[in-house]
Structure formats: structure tokens, C-alpha cells
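1. Sharing a model prediction with you, sequence too.
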Amino acid sequence: MIATIKQGLEEDGIKVPMAKLCRWFEVPRRTVYYQPNKTAPKVQERFETPIKAMIEEEPSFGYRTVASLLGFNKNTVQRVFQLRGWQVKKRPVGFRPRVQAMPSVATAPDERWATDLCRVWAGRDGWVTLALVIDCHTRELLGWHLSRSGKSKTAEAALEQALIARYGTLGRVTRPFLLRSDNGLVFTSRSFTALVRSYGLK
């Protein structure tokens, strides 16, 4: 604005110093001379390459999981997600199977098993994922598997260990029963659900 006024006065043959114009209009000279020069944010390749490789292999991973597995600062990983448009704003909502019995009570062994994943601190190894399988009636821990990653293979390994512990070998169960989970992305993945069905579980 001040520069426009100065230019207009000069066209009329009136020369007024910029400092005087700033005093007249009570505008700091620094504001007049300052030209914003904001460059586009850059993403360092040493962060982008491993992050992209991991989310291409496991698209369900959020920035916290990626940061933990790669050993990066979570704020840095989140910023890369935002700049590259990799952050999932909202997951699709659809029908997911639920246990039909209400109340949900197992009256006998091998009527229903439950499985879940959790993150545990492993000291020098950092955060690791623990998959567990229990019998809902006896509360017996049948299988578990510890892994650096939270992939479906971790949950699958725990389930297979549970089947071996209960039946002595892998194979279809003699009588189908329920396997309960929290319907997380791992437990609704194609790989895990296919494995569950192959052993005759529901």
C-alpha cells in the first residue's frame, strides 16, 4: 500500500522518502520492506524411503506404529505422512461379524477362543508386538508369539501354536468353534481370516 502511494506521488512529480511516508501513515518500515519468502516444505529421503516401503507393505499401519518400528520420532513420521498425503483420515465402516451369544459366556472348553495383540516394551529391542490366544472357558493361555512387527503373521503364529498345544498337531478341528477378536485390521485381514477358515474355526 505504501509503495503504491509513493509510486503515485512520483508519477505526479512529488518525491517523498519512504521513511516519511511510513511516519505519516504510522506504518513500520520493516513491514513495508519485508517480503515473505516461504519455501515449500521438504521431506528428507532418509525418512521418506523407509516409511514409504513400510506402509506399502502394511497399509494399515499408522504413523505411531511406523515410527516405533523404524525408530523415528513420531512427530517426524506424522509430518511426512501429512506432506505426502499418506495419512488415513477416516477408515471405511462396514459390517463386521460379532459373537451372537448374549451374554457371551463359554460353557465348555474349545467352545470359544479369544485372540488379541498388544505392544510391550522389550528394553534394548524397543517396542514389540505380543499375540495371545486363550480358551474363554478355562482361561488357559494356549498360544503366543512375540514379534518386532504387528503383521498378521504374528497373530497367525500364535493361533497355530494354540492349535498344536491343544490338539498336538496342525489341521482342521473336529468340531468348529468360535475364535473371538476385537475385529482389528490384523484379524480382519485376508491372510488371517483365510487361515482361520482353513482350520475350521469361525
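-> Received it, and whenever you're ready, just let me know what you need.
2. hang on, isn't residue 175 packed against residue 109?
-> No: with contact defined as CB atoms under 8 Å, residue 175 does not count as touching residue 109 (11.2 Å). For the C-beta atoms, the positions are set from N, CA and C on the backbone; glycine is no exception.
3. Looking at the two now, which is surrounded by more residues?
-> residue 109 (14 against 7; other CB atoms under 10 Å).
4. which SS class is residue 119?
-> Assigned by DSSP: H, G, I helix; E, B strand; the rest coil, the conformation of residue 119 is strand.
5. same check, this time on the one 10 residues further on
-> State at residue 129, reduced to three classes by three-state DSSP: strand.
6. Apart from its chain neighbours, what residue comes closest to it?
-> With CB to CB, 6 or more residues apart in numbering as the criterion, residue 129 has its nearest non-adjacent residue at 4.1 Å, and that residue is residue 150.
7. Pull up the per-residue confidence for residue 198.
-> Looking at residue 198, its pLDDT reads 93.
8. cool, the one 3 residues further on as well?
-> Confidence at residue 201, expressed as pLDDT, is 92.
9. Roughly how far does the residue nearest to residue 173 when sequence neighbours are not counted sit from residue 170?
-> Distances taken as CB to CB, 6+ apart put residue 200 closest to residue 173, at 4.6 Å, once the chain neighbours are dropped. Residue 200 sits at a distance of 11 Å from residue 170 (criterion: CB to CB, to the nearest Å).
10. Any chance you could spot the residue sitting in the middle of the chain?
-> Taking CA atoms, centre = their mean, the centroid of the chain lies closest to residue 62, which sits 1.1 Å from it.
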